[in-house]
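**Q** Provided below for reference: sequence and predicted model.
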Amino acid sequence: MRRKTKMIHGGITGDKETGAVSVPIYQVSTYEQAEAGKHSGFEYSRTGNPTRNALEKVIAELEEGIAGFAFGSGMAAISSVMMLLKAGDHVVFTDDVYGGSYRLMTKVLKQFGLAYSFVDTSDPELVEGAIKENTKALFIETPTNPLLKITDIAKMKEIAEQHHILFIVDNTFATPYYQLPLALGADIVVHSATKYLGGHSDVVAGLVVVNSNELAERLHFIQNSVGAILGPQDSWLLLRGIKTLALRMEAIEMNAAYLVSFLKDHPHVKKVFYPGLPTHPGYEIAKQQTAGFGGMISFDLGTASAAASLLERVKYFTLAESLGAVESLISVPAKMTHASIPRVRRQELGITDGLVRISVGIEDKEDLLEDLANGLQ
């Protein structure tokens with residue numbers, strides 16, 4: 001079954017009892033048991049819910065993994081994955097990781113004795129140099145948020161295997177339509193499903209897929225213990241969103257490529273970050289490990305005032321956090337998604353005050369280009 005077909009027919013589809021084509025929303029907390037301790041597969045919705053189960057099955061198939069898990073948010077998903085570790089363990093992270101992930105490690109999990117290092121994972125030598133005796137996991141984003149750096153997944157797997165550490169990939173930007181980290185050697189894939197998988201700015205959710213039964217058992221135990229689950233209504237919205245993922249990603253990437261061709265030659269744009277540009281660092285690796293370059297574009301206007309001027313002028317790009325929706329969104333990472341990262345650190349990474357990030361939607365490409373052109377005058 002090919003990817004587009006999996007999105008429609010993968011996992012659990014319909015309802016055998018009624019013949020409904022769409023998986024029902026099982027808005028239920030508990031389930032009748034035939035006798036004490038004997039149930040039909042569901043006993044309490046924190047442990048398992050039929051609607052959530054259908055979502056978990058389809059994301060596991062799309063990511064070509066053993067088991068999937070649906071969480072109340074992307075950060076709940078990442079937090080639960082980090083609970084696979086213990087106090088004293090060390091994690092190597094991609095340096096320009098999402099601000100929420102940075103905040104989780106430096107402000108929350110640090111208090112529980114989890115150590116970390118942030119390095120440019122696009123450079124394997126830096127990753128090797130960051131690994132310590134107590135390193136137990138390697139966590140990468142590729143492409144990264146917001147600079148869209150590319151990390152060689154297969155190379156990172158070699159390093160992880162050599163040091164016997166867990167290899168985790170945040171696949172939010174690429175989605176399973178364009179990139180399959182588990183097939184390239186990752187142990188765990190995480191998603192902010194709020195973004196492309198949902199695709200309509202109407203749900204907050206996180207998804208995780210693992211490559212082994214052992215990890216599946218451990219993660220299910222953690223999820224059930226802490227209760228970081230996705231409700232049935234939101235699970236159903238994600239199931240619906242995934243059905244159109246392929247079509248949306250193709251339309252979004254076509255629009256993105258059109259806008260990049262305009263931005264890269266614009267006199268007010270200092271630099272464009274997009275994996276599909278032949279001049280983008282990691283372009284050749286991206287071509288090898290992904291089937292598409294996606295819909296995220298970052299570009300530097302040089303100053304905070306120039307970025308603010310653009311935000312005031314655009315009308316089709318909505319100023320908002322998040323990404324991956326049918327509508328185009330625009331943001332300034334230094335003031336929004338990455339504000340939790342200290343300014344000095346942002347400057348070191350290249351997340352300047354003039355950096356603008358756009359999430360391209362499925363509007364008419366000419367309208368989007370004209371909007372940017374007017375905003376950049």
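**A** Sure, I can see it. Since this is a predicted model, take the numbers as computed values, not measurements.

**Q** Going by C-alpha atoms from here, please, whenever you check contacts or count neighbours.
**A** Fine.

**Q** can you pull the buried residues of the helix or strand where Q162 lies?
**A** Secondary-structure assignment from DSSP states H and E places Q162 in helix 153-163. Buried residues in helix 153-163, defined by neighbour count with 16 or more other Cα atoms under 10 Å: 153-154, 156-157, 159-160, 163.

**Q** What of stretch 42-59?
**A** With burial defined by 16+ other Cα under 10 Å, the residues of stretch 42-59 counted as buried are 42-43, 45-59.

**Q** Give me the subset of those residues that lies in helices.
**A** 50-59 (DSSP state H).

**Q** And the residues you listed, which is closest to I229?
**A** Checking those against I229 with Cα to Cα, the nearest one is R52 at 8.7 Å.

**Q** mind giving me the domain ranges of this protein?
**A** For the chain, whose domains are defined here by automatic domain parsing, the residue ranges read 3-243, 246-375.

**Q** Can you lay out those as JSON lines showing mean pLDDT?
**A** Listed next are those as JSON lines, based on pLDDT from 0 to 100:
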{"stretch": "domain 3-243", "mean pLDDT": "95"}
{"stretch": "domain 246-375", "mean pLDDT": "95"}
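
**Q** Helices of the protein, residue ranges please.
**A** Assigned helices in the chain, in chain order: 3-9, 50-62, 74-82, 99-103, 124-130, 153-163, 175-178, 213-226, 232-243, 245-263, 283-289, 304-313, 343-349, 365-375 (criterion: DSSP H).

**Q** so can I have CSV of the ones you listed showing distance to F139?
**A** Formatted as CSV, the helices of the chain follow (distance: least, Cα to Cα, whole Å):
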stretch, distance to F139
helix 3-9, 25
helix 50-62, 19
helix 74-82, 10
helix 99-103, 10
helix 124-130, 11
helix 153-163, 10
helix 175-178, 17
helix 213-226, 16
helix 232-243, 25
helix 245-263, 25
helix 283-289, 17
helix 304-313, 31
helix 343-349, 17
helix 365-375, 34
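
**Q** which strand is the longest one in the protein?
**A** Using DSSP state E to define each element, the chain has its longest strand at strand 135-141.

**Q** For that one, which helices and strands make contact with it?
**A** strand 90-94, strand 166-170 (3 or more Cα pairs under 8 Å, 6 or more residues apart in numbering; DSSP states H and E).

**Q** Please compute how far the first one lies from its chain's middle.
**A** For strand 90-94, the separation from the chain centroid amounts to 17 Å (computed by Cα atoms, centre = their mean, to the nearest Å).

**Q** Stretch 9-21 too?
**A** Between the centre of stretch 9-21 and the centre of its host chain there is 27 Å, according to Cα atoms, centre = their mean.

**Q** Quick check: buried residues in that stretch?
**A** Of the residues in stretch 9-21, those buried by neighbour count under the rule 16+ other Cα under 10 Å are 10-13.

**Q** Next step: the residues you listed restricted to strands.
**A** Among those, the subset assigned to strands under DSSP E is empty.

**Q** May I see those arranged in TSV, with distance to L239 as well?
**A** Compiled in TSV, those are given as follows (distance: Cα to Cα, whole Å):
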residue	distance to L239
G10	10
G11	10
I12	10
T13	10
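
**Q** Looking at those residues, spot the one nearest M105.
**A** Distances from M105 to the buried residues of stretch 9-21, taken by Cα to Cα, are shortest for G11, at 33.3 Å.

**Q** ok, that closest one - contacts?
**A** If you count contacts by Cα atoms under 8 Å, 6 or more residues apart in numbering, G11 has them with 54-59, 61.

**Q** hang on, the earlier thing: which one of the buried residues of stretch 9-21 sits closest to A77?
**A** G11 (20.4 Å).

**Q** Could you measure from G361 over to G129?
**A** G361 sits 39 Å away from G129, taking Cα to Cα, to the nearest Å as the criterion.

**Q** of those two, who's got more company?
**A** The neighbour count for G361 versus G129, taken as other Cα atoms under 10 Å, is higher for G361 (28 against 9).

**Q** so what's T318 up against?
**A** With contacts taken as Cα under 8 Å, 6+ apart, T318 has the following neighbours: 327-330.

**Q** Now flag whichever of those residues is closest to D300.
**A** Checking the contacts of T318 against D300 by Cα to Cα gives I330 as the nearest, at 13.0 Å.

**Q** So the residue lying closest to the closest one once chain neighbours are set aside versus P24, what's the distance?
**A** Nearest non-adjacent residue to I330, counting by Cα to Cα, 6 or more residues apart in numbering: I358, 4.4 Å away. Computed as Cα to Cα, the I358 to P24 distance reads 35 Å.

**Q** which of the two has more neighbours?
**A** Counted by other Cα under 10 Å, I358 and P24 do not tie: I358 has more neighbours, with 24 against 17.

**Q** wait, isn't the more buried one in contact with S298?
**A** Yes: taking contacts as Cα atoms under 8 Å, I358 lies within contact range of S298: 6.2 Å.

**Q** Determine the number of other residues adjacent to E63.
**A** Each residue near E63 was counted by other Cα under 10 Å, and the total is 26.

**Q** wait, what's in contact with it?
**A** Taking Cα under 8 Å, 6+ apart, we find E63 in contact with 176, 180-182, 189, 209.

**Q** ok, now D95?
**A** Counting by Cα under 8 Å, 6+ apart, D95 makes contact with 118-121, 349.

**Q** Distance of it relative to P278?
**A** To P278, D95 is 23 Å away according to Cα to Cα.

**Q** tell me the centre residue of the chain?
**A** By Cα atoms, centre = their mean, the mean C-alpha position of the chain lies nearest to T172, the distance being 1.8 Å.
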